[in-house]
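> Prediction below, plus the sequence it came from.
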2 protein chains.
Amino acid sequence: MKDINSLFMPKSVAVIGASNKPGKVGNMVMKNLRECRFNGNIYPINPKEEVIEGLRVFHSILDVPEDIDLVIISVPSGAVNESARQCAQKHVKTIIVLTAGFKEVGGEGAVLEKQLVEICQENNINLLGPNCLGVLDTHYPLNASFSQLMPDKGNIAFISQSGAMMVAILDWSKTEGIGFSKVISIGNMSDLSEIDLIKYLSEDDKTSVILCYLEGVTNGKEFMDVIKYASKKKPIIILKSGSSQAGAKAASSHTGALAGSDSAFDAAFGQTGVVRASTMQDLFDYGFAFSKCKLPKGKNVGVITNAGGGGVISADSIEKFGLNLAQLSDETKRILKETLPAESNTQNPVDVLGDASPERYRQALEIVSKDSNVDSLIVITCPTAAADPIGIGKEILKVKDIEKPIIVVNMGGVSFESINFELRENGLPTYVFPETAVKAMSYMTKYSEFKNSNNISCLENIENINYDKVKEIINNVYADGRKALLGSEAYAVVSAYGINAAPIILTHSDEEGANVAKDIGFPVVLKIASDKILHKTDIGGVRVNINNWDDAKWVYNEILDSAKRAYPDVVPNGIEVQKMLPAGQEIIVGMIRDSRFGPMIAFGMGGIYVNLIKDVCFKVAKNITDEDIEKQIKNTKAYTLLNGYRGSKPCNIEAVKDIIKRISKLTLDFEEIAELDINPIIAYENEAIAIDVKITLK
Amino acid sequence: MKDINSLFMPKSVAVIGASNKPGKVGNMVMKNLRECRFNGNIYPINPKEEVIEGLRVFHSILDVPEDIDLVIISVPSGAVNESARQCAQKHVKTIIVLTAGFKEVGGEGAVLEKQLVEICQENNINLLGPNCLGVLDTHYPLNASFSQLMPDKGNIAFISQSGAMMVAILDWSKTEGIGFSKVISIGNMSDLSEIDLIKYLSEDDKTSVILCYLEGVTNGKEFMDVIKYASKKKPIIILKSGSSQAGAKAASSHTGALAGSDSAFDAAFGQTGVVRASTMQDLFDYGFAFSKCKLPKGKNVGVITNAGGGGVISADSIEKFGLNLAQLSDETKRILKETLPAESNTQNPVDVLGDASPERYRQALEIVSKDSNVDSLIVITCPTAAADPIGIGKEILKVKDIEKPIIVVNMGGVSFESINFELRENGLPTYVFPETAVKAMSYMTKYSEFKNSNNISCLENIENINYDKVKEIINNVYADGRKALLGSEAYAVVSAYGINAAPIILTHSDEEGANVAKDIGFPVVLKIASDKILHKTDIGGVRVNINNWDDAKWVYNEILDSAKRAYPDVVPNGIEVQKMLPAGQEIIVGMIRDSRFGPMIAFGMGGIYVNLIKDVCFKVAKNITDEDIEKQIKNTKAYTLLNGYRGSKPCNIEAVKDIIKRISKLTLDFEEIAELDINPIIAYENEAIAIDVKITLK
């Protein structure tokens, strides 16, 4: 791991490009360093000035008598690399380049950035930026940025790929009373990336939740390797924008057409335990709850309210976000009945009535929280004429140390202002509306599940895999000047990786075809073999239900004739013979290669409507776990089919999982495979057999 | 329409149960009336007091010398009806009963409420409540409620079925700076309902948008009749909670199984132009925009931003919420290029750069707003180091009078506080995050579409309908002691309503069966006819692909034998003969009867996976329009199939629409029909034919 302590906790800081001119970045940074109560030495560097912000100026960083941990560079882009070289000479540990005009403008800027990175790498310097706003640490403290606002202290770390988004959030945090531990603008991420920073923050004592605004990831494979371990330590919540940008990729396979532009991120985030926020508001709504609450052990939510309406809305949301309204035990209900007025509702949501006293709230909360059927609690207060919002809040605080998370919903504004502050200060998140509370609780529950999962890749020690055989087939296809594998070749590839597939055998004469048909057993399908003949069915190139040797021989020649009529110039590779299988549940397993995360495995309903119904779930093959595959299957309607739909017997789902696992392994092992479709796989009670395998090489 | 002016604008008000005791409802109401600056006379009524809140007390309402428009009753539930009788004697126009303990507690309470309603109806008195908080009118002004908070003046009306929700919202509105025209707590709605109030508010000059929190509707059919006319006048936004409660209804038909617990509300709201909010926050986010903005003429949004991140997030949201990022004209782009700095992005979202001056913002906004490809505008400001948030806001205000809606997104908090206030005061809604702005814009766009639609029911003047024939069949089925129609009867019913259906003819001997088969043309299906034999296929009661007279006769007897073996005690009604039709696109049209809205028509993909794929859209039959049916079909994947999927020819969609229309008419005409399924209908290039019709009576 990169040592980036010097980025947040430098003993000394220099600013190359420090300035006396108000409004200039080099001046703002100096002011911020001065005003943030940073404890170390600050060295303004400027060849022309003598004093900046009351500090002695050095004309070059090389003149500074002390060692320097962190240098902030704010000089024109053309001069940045020379400054970086001086930093190298001075053995600086970390530099932040605020200057823009690098990769983001292309051309010369990109060249400059490449040189900058080389200088830093050669000299073992950490580089943040270029084109960034810098970093803030509220605890150390340090404001090494040109953001005018220093946020309040807190335990939320925020990483932003957009500088503007960072200042917006800091500005907003002041009115919302949200505190931060560290805030980092990562700019062009030419060296320090979101991955490095997440890794660092996952070990940071002052940070209990990591929030990110990202427009992409720097390295999908590293992301898959690193982030899930960071996620195990603390929650990472990411707002990834730009989902509408990708769109419109050429889709030559079923799987390609099924992949939404954002499927890869959804899958990668899900598999690494990242909580995905879909709006800026969500990012902070979740972050807020995660930063305060214990994690729930399960999905069962107990709700206490003084108004029916709040209970109804909570119940709706609990269903909507996949949680359960806890079933209170008989004992709990009995005690509630004894304790609360007769008209109270002692079913969950527990209605303590509009005239509930603070005392009654606390009692109800204590009773419900002790029920082992309850994993988490939401306490709702409406400012009814008889309610005492402040008193109720204070009684709720008395219960805050229980082992279950509590979220407070104070439905109103003016009546709750002071108590909301007190509740938040003391570790209880508060929201105005029940829906937000439930949504936050649902994400905490999901994260808690991830944290308790084992997450061991299931791709180690898979038996019955013949790497060399696949390599050989692929080489032969390339040698033949093709990219699309014949059915028989594709069959051979998946078979070599231990996948149960219906044999397709390439034959070269009518006698051979008929003999092979007899060997594998009737009925069979005969199919013209050629990567140059499209729409094989339409030209009479596919014939099904062939039941005996004579027919097979006869049909063999008919197919050849048909093909010749349609494609007079094509010499087919032969005729492929495949056994026909009885009906079963048709599913699809496929692979497309994502530019960031590598092979993405699709699973879903197969058959001719596959692209219409789009019942499919994607997972990233890298590090895939048994749990991932289990979730992938259960996430589709195909699962219902496999489980025995409308009286049919359940299929062998383990066999399906095995195919997904082996396809993951195959496509990770062979980067040459660009796309792969098995549509359909037919699943039966005892096995699952791949029927139609299509493989295209790069 | 009920005359409920006296509820909001009474000349005089009496309070029966007025009290001097602080904390009592009768005291709170008196205080509120006194403090709200209500201009008319206030008469406290109390048999024991002489002065309350400085006003002379009357011992009975009958003692008051003046006529009284509005009486607020806050006496124990047992005494309410006597008070109401006195109001009748006094010719009071409207009473508000705050007292609880009526229908909501059941038993004696329900009896009391029934009596109360009778008293009011007999004496032509409007009744609000019982079990409500009362009403507030900020303009008149009037606070005839026991809510302590008088909201700020505004043009949003709010109707709440939950009193607690109302106080929560009023409390919250104070911190959010949201103003109201009128606020009404409707309680048990035993007389004045949400429908009466919406109707009234739709004519109210002071109200430009109506917000409701409802847990149900009082009368679904009246809702369908009244609300769409009110919606034409001004937007109605409803948060309907309790969606998780309904659930688990017995589903004997496909259509029944397909209907979610909330489909009826979704359909009814959609067809009456109601904007459905899914959270409390949404309710007010939308309400806020609707209360300020002009309506967009189309879906094309122009975005102006000083930060790339804001643009990216907007673009994502615009796609997500079904709007379009406007394609700027070449002319617009040219003028933008001339006006803005070279590095600006002159594509939409237009990036005016982080250092954009207020002037530059205004220019960009003016240029983009003039483009006829742009229907609405979102202007985003990030508080970058170089930005002048206040100045930018002031320049945006100069453009506010254009004919297109503008929503301002000020991404931050402290920097925007004063300018947000100024923008809102001057008619421009502001939000913190782009997503909220886009979401609000999308609902305004949808509403605008509704407002411009013609909305004429398409069920008038349908030709080729034989009501008497259907009546006769239904009577015969009832007479036969059955509820399930035989296939031949169901065929006859839909045929009588002009639906093109494949004939099913009930035959009673093998010869008759074979003759009928010959008449309608081979191949045919033969099917045992009996409502007592379930799973007909499994017992050999259905035989397909019968190709000639001899086979038909032979199979006829085979079916009878099979049936007898499986059900020795059942005497079948005969054997039904139906022509087999060629393959086509299979769709389903069905009907379930909703307790509130009457017949709900389902349309979607047919076939055996219908319940798995759940590709279905519901509409309320009452008042259904051609546009509703068009939307219903387009809202499903079945539409893609009908349009010609994977090379198949497009089907006759008009024929499908005709079936939906006729099923709507049929099920509205015959309340006896409890459920109806046509699965499948086969759609072809020139026609659509109902194959399997199932009808169950009440």
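Sure thing, it's come through.

> if I pick the closest residue to A:Phe416 other than its chain neighbours, what's in contact with it?
Closest residue to A:Phe416 apart from its sequence neighbours, by C-beta to C-beta, 6 or more residues apart in numbering or on different chains: A:Asn410 at 4.0 Å. (C-beta placed from N, C-alpha, C; glycine too.) By C-beta atoms under 8 Å, 6 or more residues apart in numbering or on different chains, A:Asn410 lies in contact with A:Thr381, A:Pro389, A:Gly393, A:Phe416, A:Ile419, A:Asn420, A:Leu423, A:Thr430, A:Tyr431, A:Val432.

> The third one sits in which helix or strand?
Using DSSP states H and E, the secondary-structure element containing A:Gly393 is helix A:389-397.

> hang on, the earlier thing: Serialize the contacts of A:Asn410 to TSV and add fields for secondary structure, pLDDT and neighbour count.
Shown next, in TSV, are the contacts of A:Asn410 (DSSP: H, G, I helix; E, B strand; the rest coil; pLDDT from 0 to 100; neighbours: other C-beta atoms under 10 Å in any protein chain shown):
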residue	secondary structure	pLDDT	neighbour count
A:Thr381	strand	96	31
A:Pro389	helix	95	23
A:Gly393	helix	97	25
A:Phe416	helix	95	26
A:Ile419	helix	95	22
A:Asn420	helix	93	22
A:Leu423	helix	94	23
A:Thr430	strand	95	24
A:Tyr431	strand	95	23
A:Val432	coil	93	21
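
> Closest to chain B out of the residues you listed?
A:Val432 (6.0 Å; C-beta to the nearest C-beta).

> Wait, that closest one touches A:Gly413, no?
Yes - A:Val432 lies in contact with A:Gly413 (C-beta atoms under 8 Å); the separation is 7.3 Å.

> Mind checking if stretch A:162-173 is in reach of chain B?
Yes - contact of stretch A:162-173 with chain B is found when judged by C-beta under 8 Å from any C-beta of the partner chain, involving A:Ser162, A:Gly163, A:Ala164, A:Met165, A:Val167, A:Ala168, A:Ile169, A:Leu170, A:Asp171, A:Trp172, A:Ser173.

> ok, now how distant is A:Leu641 from chain B?
7 Å (C-beta to the nearest C-beta, to the nearest Å).

> Just to check, that residue is in contact with A:Gly604?
No - if you go by C-beta under 8 Å, A:Leu641 and A:Gly604 don't touch, sitting 10.2 Å apart.

> sorry, back to before: check which residues of the helix holding A:Gly393 are buried.
Using 16 or more other C-beta atoms under 10 Å in any protein chain shown as the burial criterion, the residues of helix A:389-397 that qualify are A:Pro389, A:Ile392, A:Gly393, A:Lys394, A:Glu395, A:Ile396, A:Leu397.

> And the contacts of that helix?
A:356-359, A:361-362, A:365, A:379, A:381, A:383, A:406, A:408, A:410, A:412, A:415-416, A:418-420, A:422-423, A:426, A:428.

> thinking again about what came up before, show me what the residue nearest to A:Phe416 is bridged to.
Beta-bridge pairing of A:Asn410 under DSSP bridges involves A:Thr381.

> on that earlier part again, and of the contacts of A:Asn410, the nearest to B:Phe8?
A:Val432 (28.2 Å; C-beta to C-beta).

> how near is the closest one to A:Ile156?
20 Å (C-beta to C-beta, to the nearest Å).

> just A:Met280 next, same as before
Using C-beta to C-beta, we find A:Met280 at a distance of 14 Å from A:Ile156.

> try A:Lys320
26 Å.

> of the two, who's got more company?
The neighbour comparison of A:Lys320 against A:Ile156 (other C-beta atoms under 10 Å in any protein chain shown) goes to A:Ile156, with 24 against 16.

> So what does that one have for phi and psi?
phi -100, psi 130 (degrees, to the nearest 10).

> so where does the residue in chain A sticking out farthest from the centre fall, helix or strand?
Residue farthest from the centre of chain A, counting by C-alpha atoms, centre = their mean, is A:Asp550 at 56.7 Å. Applying DSSP H and E as the criterion places A:Asp550 in helix A:549-566.

> Buried residues, that helix. List them.
Buried-residue list, helix A:549-566, by 16+ other C-beta under 10 Å: A:Asp551, A:Ala552, A:Lys553, A:Val555, A:Tyr556, A:Ile559, A:Leu560, A:Ser562, A:Ala563, A:Ala566.

> Can you list the neighbours in contact with it?
Contacts of helix A:549-566 (C-beta under 8 Å, 6+ apart): A:507, A:509-511, A:513-515, A:517-518, A:522, A:524, A:526-528, A:530, A:533, A:539-543, A:546, A:570, A:572, A:575, A:577.

> from those, which would you call buried?
Counted by 16+ other C-beta under 10 Å, the contacts of helix A:549-566 give A:507, A:510, A:513-515, A:517, A:524, A:526-528, A:530, A:533, A:539-543, A:546, A:572, A:575, A:577 as buried.

> Now A:Ser664: closest residue in space, sequence neighbours ignored.
Closest to A:Ser664 by C-beta to C-beta, 6+ apart is A:Ala621, at 3.8 Å.

> ok, now how distant is the one you found from B:Ile465?
On the measure of C-beta to C-beta, A:Ala621 and B:Ile465 end up 60 Å apart.

> So for these two, which sits in the more crowded spot?
A:Ala621 (28 against 15).

> touching chain B at all, stretch A:580-590?
No - on the criterion C-beta under 8 Å from any C-beta, stretch A:580-590 is out of touch with chain B, staying 11.0 Å away.

> what domains does the record give for chain A?
Annotated domains of chain A cover A:5-207, A:306-452, A:503-580, A:585-697 [automatic domain parsing].

> ok, now which ones touch the residue nearest the centre of chain A?
What sits nearest the mean C-alpha location of chain A, by C-alpha atoms, centre = their mean, is A:Phe269, with 1.2 Å. Applying C-beta under 8 Å, 6+ apart to A:Phe269 gives the contacts A:Ile238, A:Lys240, A:Val275, A:Arg276.
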